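**Student:** here is a sequence together with a model predicted from it:
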Amino acid sequence: MTIITVSWIILKKNISLDISQTGYERMQARQFVTVQDSRYPEDEVSFNLKTHEFYCSTNAIKNGKIYVNSVYTPTVLYKSKLEDMVTYGIMNIPITKRDILDHQYTLEFKASKFINQNYLSDLKKGYIENYYVHDKMSKVRITYNKEFLPIKLEGYYEKNGEMSWNTIRTYLYPFKNKSDFDKKLDEQIQLIKDIESEKEED
């Protein structure tokens, strides 16, 4: 009986290693992620991927309401911020845990396969497609942690006159539960309100 049980556990583990999932799907299972853009490391964006809420230094969404005013609906703003920060490749390219293990937790992709080709004709500020168009980015690589979650996205592109690997995004998982996330979300919303109030007084 013990041998059968152990064999089943090993088989189940091996099967799970071969299930294809996007990095984003693994993030969704974790629910909370904080993303840093290397160009603006002080301006983190934190998401609750289950409730479609987020906050950063300039705006936030909670319970379907936007703070501060935006020309976008909450749904459009959330989707735009998510695609910008998480990136098209992480949201759409399926990989297995075995792929990650076999490559020592670092996977490399062609930039042309990783970016959203639909954005090339209408580049949006901040999106990684800009590196592809303006800086000759030819490939990207993702580093994963032991839970198979993305923690760093790098691009191989031209910087200071030469091609080199440079960090584009950093992914953090600081929230243990919804209460932790909501506390920071509420704090940021209050800060945004205070800033807007000061602007109105000026």
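**Tutor:** Great, that's in hand. Since the structure is predicted, the reported quantities are computational estimates derived from the model, not experimental observations.
**Student:** residue ranges for the helices of this structure, please.
**Tutor:** 2-17, 23-30, 74-86, 88-92, 97-102, 111-114, 129-134, 178-201 (DSSP state H).
**Student:** model confidence over the longest one, on average?
**Tutor:** Rounded to a whole number, the mean pLDDT of helix 178-201 is 90.
**Student:** that older thread, out of the helices of the chain, which comes closest to D37?
**Tutor:** Set against D37 and scored by Cβ to Cβ, the helices of the chain come closest in helix 74-86, at 6.9 Å. Placement of C-beta: from N, CA and C, glycine included.
**Student:** wait, what's in contact with the spatially most central residue of the chain?
**Tutor:** Per Cα atoms, centre = their mean, the C-alpha nearest to the average position across the chain is that of V86, at 2.6 Å. The contact partners of V86, taken as Cβ atoms under 8 Å, 6 or more residues apart in numbering, are Y24, M27, V33, V35, F47, R169.
**Student:** before we move on, the earlier item: turn the helices of the chain into JSON lines, including distance to Y67.
**Tutor:** Listed next are the helices of the chain as JSON lines, based on distance: least, Cβ to Cβ, whole Å:
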{"stretch": "helix 2-17", "distance to Y67": "40"}
{"stretch": "helix 23-30", "distance to Y67": "23"}
{"stretch": "helix 74-86", "distance to Y67": "10"}
{"stretch": "helix 88-92", "distance to Y67": "25"}
{"stretch": "helix 97-102", "distance to Y67": "37"}
{"stretch": "helix 111-114", "distance to Y67": "32"}
{"stretch": "helix 129-134", "distance to Y67": "27"}
{"stretch": "helix 178-201", "distance to Y67": "5"}
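**Student:** nearest to E196, of the contacts of V86?
**Tutor:** Using Cβ to Cβ, the contacts of V86 come closest to E196 at F47, 22.2 Å.
**Student:** now that closest one: how far from E158?
**Tutor:** Between F47 and E158 the distance is 31 Å, computed by Cβ to Cβ, to the nearest Å.
**Student:** so which of the two has more stuff around it?
**Tutor:** Neighbours were counted for F47 and for E158 using other Cβ atoms under 10 Å; F47 has more, 26 against 15.
**Student:** I'd like to know how far the nearest residue to the more buried one once chain neighbours are set aside sits from M27.
**Tutor:** Nearest residue to F47 in three dimensions, chain neighbours excluded: F54, at 4.6 Å (Cβ to Cβ, 6 or more residues apart in numbering). Distance, F54 to M27, by Cβ to Cβ: 13 Å.
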